[in-house]
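Novice: Structure, please.
(2 chains)
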There are 2 protein chains.
Amino acid sequence: MPRLVLASASPARLAVLHGAGVKPLVQVSEVDEDALVASLPAGTPHERVVTELARAKATDVLPVLREQGLRDAIVIGCDSMLLFDGALQGKPRTVEAARERWKTMAGRSGELLTGHAVLRVRDDELVSEAADHSGTIVHFGTPTDEELEAYLDSGEPLEVAGAFTLDGHGGWFVDGVEGDPSSVIGIGLPLVRRLLAEVGISVARLWAENAAIPVEALEN
Amino acid sequence: MPRLVLASASPARLAVLHGAGVKPLVQVSEVDEDALVASLPAGTPHERVVTELARAKATDVLPVLREQGLRDAIVIGCDSMLLFDGALQGKPRTVEAARERWKTMAGRSGELLTGHAVLRVRDDELVSEAADHSGTIVHFGTPTDEELEAYLDSGEPLEVAGAFTLDGHGGWFVDGVEGDPSSVIGIGLPLVRRLLAEVGISVARLWAENAAIPVEALEN
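Specialist: Alright, predicted model coming up:
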């Protein structure tokens, strides 16, 4: 009975999985993302960048799971970035950077790319893996100056890819999407379903075997 | 300082508003939806049907708020239905009906229509109102027979419009949308933002005046 493991500190990803009826163990990876990106060949396609980051995050937690004695697991890694004006945008980190992003994005569209990797570990061995990306077009609204300043004050846009959320305060300022909304939140359920099928796991099995564990026991 | 009131029993709508940083009072309407729909002229456009239902729900709670002494409020009513093969689909109610819907919907697309009404009450008087609908295309995936039966067993699809959710177990089986995903969950944030603006309320003001009340105090 494989245990589902989410290799991410993102509460939004965890909430998507909880909503979808599964309660993963959370084991946060310690990948140096900037170093990894710098190590990729110049001109690596954007989709490939997020997928490699997702794969690295999932792979990074395997030794920890082994130490913990978890010999049978499905590990999911994800990485999200916003492709806007031809460049990948991560977290803005500062109010100034987030304000600048929104001044540029308001009323326009970007593509939220999320890389996904699913690793199947059995008897301590990595027996199969599947990885791919989702790309979803996001149409941004135009907050008033008052709304933008209040949004910046909330702190939310500073620590999220692309300086917005769909499931949080930012939802007021996203007029629509074209594609999978869960991938915009950070973990694309239909894509994960396909990747799980590639490693031999159905959503029905996931529900049966990873739904009953109390949330409190997992959020550490 | 107007108090935000959600005239809906839907936990999904409440969760969208909580995520978006506002905590409404919940006052569930008691509109006889079937009777209201039956009272509309034959051939009423689908968009109009959901908008009239939303308006009726919001209006229905006004006397209750008055009894409670809430003299200054913004009341939001919503109603969602799935337009599929030219007909409006509500809640399937039974496993058999939900299974039948999914056999028909799998791999195809529908339009989730959500009517919204925003009423501004000041000093016990309805001083302004705004109403409109969102329409979002939903592309359904194709669950395996095992997945569909497990989904039906969860009970979730029976009591939701169109026999699916985006934010729940159903999220695995929605390949994508074209439009506002929050409207698919049941309350469209960008549209509510526009309707609020029409009655003179900004999202910044909503955050400032309706964010601090503890959730526990509201969920009754």
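
Novice: Okay, now the unreliable bits of chain A?
Specialist: A:211-220 (pLDDT under 70).

Novice: what's the first-to-last distance across stretch A:17-34?
Specialist: 27 Å (Cα to Cα, to the nearest Å).

Novice: for that stretch, the distance to its chain's centre please.
Specialist: 8 Å (Cα atoms, centre = their mean, to the nearest Å).

Novice: By neighbour count, which bits of it are buried? Give me those.
Specialist: A:17-27, A:29, A:31 (16 or more other Cβ atoms under 10 Å in any protein chain shown). The C-beta positions use only the backbone N, C-alpha and C, and glycine is treated the same way.

Novice: What's the biggest helix in chain A, counting residues?
Specialist: For chain A, the longest helix by residue count, based on DSSP state H, is helix A:46-60.

Novice: who touches that one?
Specialist: Helix A:46-60 is contacted by residues A:7-8, A:29-31, A:33, A:36-37, A:40, A:44, A:75-81, A:83, A:88, A:113-119, A:129, A:131-133, A:135 when judged by Cβ atoms under 8 Å, 6 or more residues apart in numbering or on different chains.

Novice: and the helix or strand A:D175 falls within, is it in reach of chain B?
Specialist: Using DSSP states H and E, A:D175 sits in strand A:174-179. Yes. Using Cβ under 8 Å from any Cβ of the partner chain, we find that strand A:174-179 touches chain B at A:V174, A:D175, A:G176, A:V177, A:E178, A:G179.

Novice: now the angle between strand B:174-179 and that strand, please.
Specialist: Computed with axes from the mean of the first three to the mean of the last three Cα atoms, to 10 degrees, the direction of strand A:174-179 lies at 140 degrees from that of strand B:174-179.

Novice: Strand partners (parallel or antiparallel) of strand A:174-179?
Specialist: strand A:125-140 (antiparallel), strand B:174-179 (antiparallel) (DSSP bridges).

Novice: Look at A:L152 and give its secondary structure.
Specialist: helix (DSSP: H, G, I helix; E, B strand; the rest coil).

Novice: right, and it touches A:A98 too?
Specialist: Yes. With contacts counted by Cβ atoms under 8 Å, A:L152 reaches A:A98, the gap being 5.8 Å.

Novice: Can you pull the phi and psi angles for A:W172?
Specialist: phi -60, psi -30 (degrees, to the nearest 10).

Novice: if I look at it, how far off is chain B?
Specialist: Note on A:W172: its distance to chain B, by Cβ to the nearest Cβ, to the nearest Å, is 5 Å.

Novice: Count residues in the vicinity of that residue, would you?
Specialist: Per other Cβ atoms under 10 Å in any protein chain shown, the neighbour tally for A:W172 reads 26.

Novice: Next up, the contacts around it.
Specialist: If you count contacts by Cβ under 8 Å, 6+ apart, A:W172 has them with A:G141, A:P143, A:E147, B:A20, B:L189, B:P190, B:V192, B:R193, B:V203.

Novice: Excluding chain neighbours, what is closest to the spatially most central residue of chain A?
Specialist: Centre of chain A computed as the mean C-alpha position; nearest residue by Cα atoms, centre = their mean is A:G186, 3.2 Å away. Spatial nearest neighbour of A:G186, excluding adjacent residues (Cβ to Cβ, 6 or more residues apart in numbering or on different chains): A:R13 at 4.4 Å.

Novice: distance of the one you found from chain B?
Specialist: A:R13 is 13 Å from chain B, by Cβ to the nearest Cβ.

Novice: Please identify the residues of chain A in proximity to chain B?
Specialist: A:16, A:19-21, A:136, A:141, A:143-144, A:146-147, A:149-150, A:154, A:166-169, A:171-182, A:184, A:189-190, A:192-193, A:202-204, A:207-208.

Novice: let's see it at 7 Å
Specialist: By the rule Cβ under 7 Å from any Cβ of the partner chain, the part of chain A lying against chain B is A:19-21, A:141, A:144, A:146-147, A:150, A:154, A:166-169, A:171-172, A:174-182, A:189-190, A:193, A:202-204, A:207.

Novice: on that earlier part again, closest one to B:L158 among the strands paired with strand A:174-179?
Specialist: Of all the strands paired with strand A:174-179, it is strand B:174-179 that lies closest to B:L158, at 17.2 Å by Cβ to Cβ.

Novice: Can you name the next helix or strand after that closest one?
Specialist: helix B:181-185.

Novice: residue ranges of the strands in chain A, please?
Specialist: A:3-6, A:25-26, A:73-84, A:87-89, A:109-122, A:125-140, A:174-179 (DSSP state E).
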